[in-house]
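Trainee: Here is my input; please provide its structure:
(one chain, ligands or ions: 1)
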Amino acid sequence: MIKEELWKPTDGIVLEEAAYQVVRNQENTLVIAGPGAGKSELLAQRASYLLETNICKDPQKILAISFKVDAADNLKKRVEKRMGGELAKRFESRTFDSFAKTILDRFRLTLPSGWRPDAEYNLVFNDRELMDIAIGYIKNEHPNFPNWRYEIKADRLVRSLTKDPLHLLGEREDDLYGWVTKELWKVMIKGASSLQCSLTFPMISRLAEYILNLNSFIKSALRLTYSHIFLDEFQDTTYVQYDLLKVAFLGSSSVLTAVGDDKQRIMGWAGAMANSFQVYSSDFKAQNFQLTFNHRSAPRLLEVQNVLSEAINHNAFHVRCTDKWAKDDGVCEVWTFNDYVQEAKYIARFLNVKLESIKPRDICIIVKQQESVYAKQIIEELKKVGINSRIEKDYQDLLSEEYVQLIVNTLYLTIFKSSPARWQEIIKLISELNGIDYNEDLKAMWGIEEEFQTFISQLKSKMNSISDIHNEIPQILDDIIDYFSLIKFKNYYPKYSVGNLLKNTREKFHQKILESYIEHGEWDKAIQDFLGDYSIPIMTIHKSKGLEYECVFFIGLEDDAFWSFRSQSDSDMRAFFVALSRAKSEVYFTFSEIREIMKYRKLQTTHQSRSIISSLYGLLVTANVETKNL
Ligand SMILES: Nc1ncnc2c1ncn2[C@@H]1O[C@H](COP(=O)(O)OP(=O)(O)OP(=O)(O)O)[C@@H](O)[C@H]1O
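Mentor: Alright, predicted model coming up:
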């Protein structure tokens, strides 16, 4: 344990005064700061401070809630790396969804029978599926709404389904959506004919909230377990999530630290609160702090960011650069092309040279939407010059699943041998699965290491003698998990014991590994391909949140990409700001007169304009961004 006054930030990080005050604070706080200000870093430092000084008293824990699976995973890894096993065990990093799901899965049986889902419920992710369930399985009719099936709209139904806490459901029987919502809840909770019990994540959140409302002892246990709560990217908290947070922790002695940036609020369409900072500050009496440095981007890029942030919020203050940069460092340019093929060829040539000095993973290609369409030509042209790129979406979620990490780490050690971090992670997990204290029982630990070494030697011979790819590879992947014991693994990670998460993860993972193996024909390349070590990532702005790259390309700064700019210019401007602020050194925006895009559900070659988004271009001109006609 370290005395409070002796604690220092780890990894040579120097915190600005406000960050330092937040790290050591004992009250609820809200940190509002721009991209790259070190908000996630601040949370990691605060975790070290609270655990190393035992202010978060053993056995109490810190609960860190993020939005995306990979953000939660990154934060967990950062804290683990700094503090090592024992202390880091008391740092639980989850997404909002996983927090809610854990409450439901553990305390499902405390729900009244009408609200109690089956243990094996399906997860529903998209609006279409929800609509199909409503239309296909609600059998009751309502005298006031004879044609309800023709009248309901998917987006309104989705909003209505979790608009109110469950105890208020049924109070809107006289309005169409109120009635359909109530019926849909019944059908989804209990299942109907061929429909299995099915829930969306917002429904899970409402059920978790109901559990806490009904059972004060569960609520007290939760509050006792977590003495400190971290909330990352708080600007994107939805109304449903906030209600759960309030029921769980408002009025408790748990100390909350929220960090966020209102200029990066881009989840309004998914129900993010418009005023989460004000509401939280007032409800939780949180003291507000601002950070003024940007630790990510070069000075030239910060000039552009400052122009944009002022346009988004007139009261935004100008952030400052750190002294690691020279005054003129950074490139921000607009590149215009006659057509998308020429654009793709130019970018491929440019990247071919760039990759002599940086790695593929230091580059990112960002699009507003339809990544497989906007980036199709670029992927092809890059391939022609021997550069791999890939659409990151499917991999980001898979790679953050512990199930996938365990198998991939084992494959990696089998093929590449040297990776002390992976080795340690696996040995630690085996010892924990088997209830062995890896600090105390050294003899048992050696036994584990020896046994695991034998296992990977045998695995290697199996992997190197495959004749029937489609049968043997899935079998090898299953053998790996069986070695650790699937039952023990599921007990250790209870999320895999309920619903279809394990089944879906396994299927997607097997398919991706098979694809990689078929493409490369060799394990080393297939594993590296799956890990993405040698591919340039391609993603939408939403997926790029919280990430950072040396060099960023934004493809298609065009009217069609920002098709709803007229009605939601504010949110599109924020999205543009997120894309711009991912870059450390260089960012290039492209415009192509001719572009192939999906329009009216068909792939079409279109003429692009930039009149609707002229205000975005105007801001780039104000920031002296050069346009190059290429
Ligand atoms: N105090 C610091 N000193 C040096 N580097 C830092 C510091 N804080 C953060 N960094 C580095 O700056 C980069 C951005 O930090 P971080 O991701 O925490 O920012 P953020 O505010 O969460 O950004 P965003 O809102 O864009 O997600 C990271 O590479 C991080 O390691």
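Trainee: How about the residue in the stretch 1-150 of the chain positioned nearest to the ligand: what's its closest non-neighbour residue?
Mentor: The nearest approach of the stretch 1-150 of the chain to the ligand comes at G38, 2.6 Å away (C-beta to the nearest ligand atom). For every residue, glycine as well, the C-beta is placed using N, CA and C. In space, and not counting its chain neighbours, G38 is closest to H295: 5.2 Å by C-beta to C-beta, 6 or more residues apart in numbering.
Trainee: Any idea how many residues pack against that neighbour?
Mentor: Neighbour count of H295, defined by other C-beta atoms under 10 Å: 19.
Trainee: now swap in A316 and tell me
Mentor: 17.
Trainee: if I look at the nearest residue to it once chain neighbours are set aside, how far off is K508?
Mentor: Leaving aside its sequence neighbours, A316 sits nearest to S309 (C-beta to C-beta, 6+ apart; 4.2 Å). Using C-beta to C-beta, to the nearest Å, S309 is found at 38 Å from K508.
Trainee: Those two: who's more crowded?
Mentor: S309 (26 against 16).
Trainee: The ligand versus the more buried one, what's the distance?
Mentor: 12 Å (C-beta to the nearest ligand atom, to the nearest Å).
Trainee: next helix or strand past the host helix or strand of that residue?
Mentor: In the assignment (DSSP states H and E), S309 maps to helix 299-312. Later in the chain than helix 299-312, the nearest helix or strand by DSSP H and E is strand 320-321.
Trainee: Next secondary structure element downstream of that following strand?
Mentor: Downstream of strand 320-321, the next assigned helix or strand under DSSP H and E is strand 331-339.
Trainee: for the record, mean pLDDT for that next one?
Mentor: Per-residue pLDDT values over strand 331-339 give a mean of 96.
Trainee: again, but for stretch 467-477
Mentor: 94.
Trainee: Restricting the selection to alpha carbons, write stretch 263-281 to CSV.
Mentor: This file holds the C-alpha atoms of stretch 263-281, laid out as CSV (Å, rounded to 0.1, in the frame of the first residue of the first chain):
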residue,chain,number,x,y,z
LYS,A,263,-18.6,18.1,-28.7
GLN,A,264,-18.3,14.4,-29.3
ARG,A,265,-22.0,13.6,-28.5
ILE,A,266,-22.9,11.6,-31.6
MET,A,267,-25.4,9.0,-30.3
GLY,A,268,-28.4,11.3,-30.2
TRP,A,269,-30.1,9.0,-32.7
ALA,A,270,-29.7,6.1,-30.3
GLY,A,271,-31.3,8.0,-27.4
ALA,A,272,-28.3,9.8,-25.9
MET,A,273,-29.5,12.5,-23.4
ALA,A,274,-29.2,16.0,-24.8
ASN,A,275,-28.2,17.5,-21.4
SER,A,276,-26.5,14.6,-19.6
PHE,A,277,-23.8,16.8,-18.0
GLN,A,278,-26.3,19.3,-16.5
VAL,A,279,-28.7,16.6,-15.3
TYR,A,280,-25.9,14.5,-13.7
SER,A,281,-24.2,17.5,-12.1
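Trainee: Name the residues of the lengthiest strand in the chain that are buried.
Mentor: As assigned by DSSP state E, the longest strand anywhere in the chain is strand 583-599. For strand 583-599, a neighbour-count test (16 or more other C-beta atoms under 10 Å) marks 583-593, 595-597 as buried.
Trainee: in the stretch 151-300 of the chain, which spans are helices?
Mentor: Along the stretch 151-300 of the chain, counting by DSSP state H, counting those that start in this stretch, helices occupy 154-161, 176-190, 201-214, 216-225, 239-249, 276-283, 299-312.
Trainee: quick revisit: which other helices and strands contact the helix holding S309?
Mentor: Other helices and strands packing on helix 299-312, by 3 or more C-beta pairs under 8 Å, 6 or more residues apart in numbering; DSSP states H and E, are strand 320-321, strand 331-339, helix 569-580, strand 583-599, helix 614-622.
Trainee: which residues touch the residue positioned nearest the centre of the chain?
Mentor: The centre of the chain sits closest to K68, judged by C-alpha atoms, centre = their mean, with a distance of 1.9 Å. Shown in contact with K68 (C-beta atoms under 8 Å, 6 or more residues apart in numbering): 95, 396, 545-546.
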